[in-house]
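[1] Here is my input; please provide its structure:
(one chain, ligands or ions: 1)
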Amino acid sequence: MSEPALRLAGVARRFRTEAGELSVLNGADLALVPGEIVALVAPSGTGKSTLLHLAGLLEKPDAGEVFFNGQAAGTLSDDARTAIRRQGIGFVYQFHHLLPEFTAAENIILPQLAAGTPRRAATERAQALLARFGLAGREQHRPGKLSGGEQQRVAIARALANHPRVLLADEPTGNLDVETAGRVFHELLDAVRGEGMAALIATHNPDLAARMDRVVTLRGGKIEQA
Ligand SMILES: Nc1ncnc2c1ncn2[C@@H]1O[C@H](COP(=O)(O)OP(=O)(O)OP(=O)(O)O)[C@@H](O)[C@H]1O
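    Got it, this is the predicted structure:
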């Protein structure tokens, strides 16, 4: 079995609230090996977004450790964590979060430039990704000129731009109608499988979850096989 691309080992996360301390994650364990797509299905408010933030090195756990390619993220400098976030991890959110003043192509080029890719190669990658998602010819369109499904395809293309080892997605098609969601989701899984990355995808939709390799849930702050 190959080394996990991402591993959460006993991670805990607590929040201080007016009603006292809220323990959201309490010893959550999860390992994703390259090429594996895992669905995270859990009731609202149980900590899916919190878990994804920790997995994406956006926040640090109160206890436990997140390993990226076997390296303990807690031991890394802020710069090293940022470099992993930029190059090693792709994020897709429920709402696309594209930059409205930039074209579809530029939205995919910019994160590559930030990761040090030369502009020419970044432009070629953006064109190839847009073509892969059926958006050839739309390179120069701003997000506002694209449909919701097209915007989300650009957001997925952006997440894949730097060839990340890990893709994290929080309800990536939750904002789309059922038919468009099904299609975009299929394209997302196809692309993830094609690139051989590991993916953790939170969804409330059991039909979409069933298309993944494995389904996990959150119960009592821990990960369980669903
Ligand atoms: N920064 C914070 N401060 C205080 N409480 C927080 C904070 N972030 C999250 N929480 C609480 O932690 C719990 C889990 O939140 P989280 O957003 O991870 O849930 P979720 O499973 O993603 O929910 P949903 O499916 O509705 O998005 C919630 O009760 C939320 O109110």
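
[2] ranges for the strands of the chain?
    Listed in chain order, the strands of the chain (DSSP state E) span 6-17, 20-32, 37-40, 63-68, 71-72, 89-92, 166-170, 198-202, 214-219, 222-225.

[3] out of the ones you listed, nearest to Ile108?
    Taking Cβ to Cβ, strand 89-92 is the member of the strands of the chain nearest to Ile108, at 11.3 Å. Glycine gets a C-beta too; all of them are placed from N, C-alpha and C.

[4] Check which strands are paired with that closest one and give the direction for each one.
    Partners of strand 89-92 in the sheet, by DSSP bridges, are strand 166-170 (parallel).

[5] relative to strand 6-17, how tilted is the strand it pairs with?
    On the basis of axes from the mean of the first three to the mean of the last three Cα atoms, to 10 degrees, strand 166-170 is oriented at 40 degrees to strand 6-17.

[6] need the residues of this structure near the ligand, please.
    By Cβ under 6 Å from any ligand atom, the residues of the chain that approach the ligand are 15, 17, 22, 24, 42, 44-50.

[7] can you rerun that using 8 Å?
    15-17, 22, 24, 42-53, 170-171, 202, 204, 218 (Cβ under 8 Å from any ligand atom).

[8] which of those residues count as buried?
    For the residues of the chain next to the ligand, a burial check counting by 16 or more other Cβ atoms under 10 Å picks out 24, 42, 46-53, 170-171, 202, 218.

[9] which two in the residues you listed are spaced the farthest apart?
    Maximum pairwise distance among those (Cβ to Cβ): 17.6 Å, between Val24 and Glu171.

[10] Name whatever forms a beta bridge with the residue most central in space within the chain.
    Centroid check for the chain by Cα atoms, centre = their mean gives Leu168 as the closest residue, at 1.9 Å. For Leu168, the beta-bridge partners are Phe91, Leu200 (DSSP bridges).

[11] hmm, back to that, can I get the strands of the chain in JSON lines with mean pLDDT?
    Below are the strands of the chain laid out as JSON lines (pLDDT from 0 to 100):
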{"stretch": "strand 6-17", "mean pLDDT": "96"}
{"stretch": "strand 20-32", "mean pLDDT": "95"}
{"stretch": "strand 37-40", "mean pLDDT": "96"}
{"stretch": "strand 63-68", "mean pLDDT": "97"}
{"stretch": "strand 71-72", "mean pLDDT": "95"}
{"stretch": "strand 89-92", "mean pLDDT": "94"}
{"stretch": "strand 166-170", "mean pLDDT": "96"}
{"stretch": "strand 198-202", "mean pLDDT": "96"}
{"stretch": "strand 214-219", "mean pLDDT": "95"}
{"stretch": "strand 222-225", "mean pLDDT": "94"}
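
[12] Export those as CSV, with columns for distance to Gly149.
    What follows is the strands of the chain, written out as CSV (distance: least, Cβ to Cβ, whole Å):
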stretch, distance to Gly149
strand 6-17, 28
strand 20-32, 27
strand 37-40, 21
strand 63-68, 31
strand 71-72, 36
strand 89-92, 13
strand 166-170, 15
strand 198-202, 17
strand 214-219, 25
strand 222-225, 31
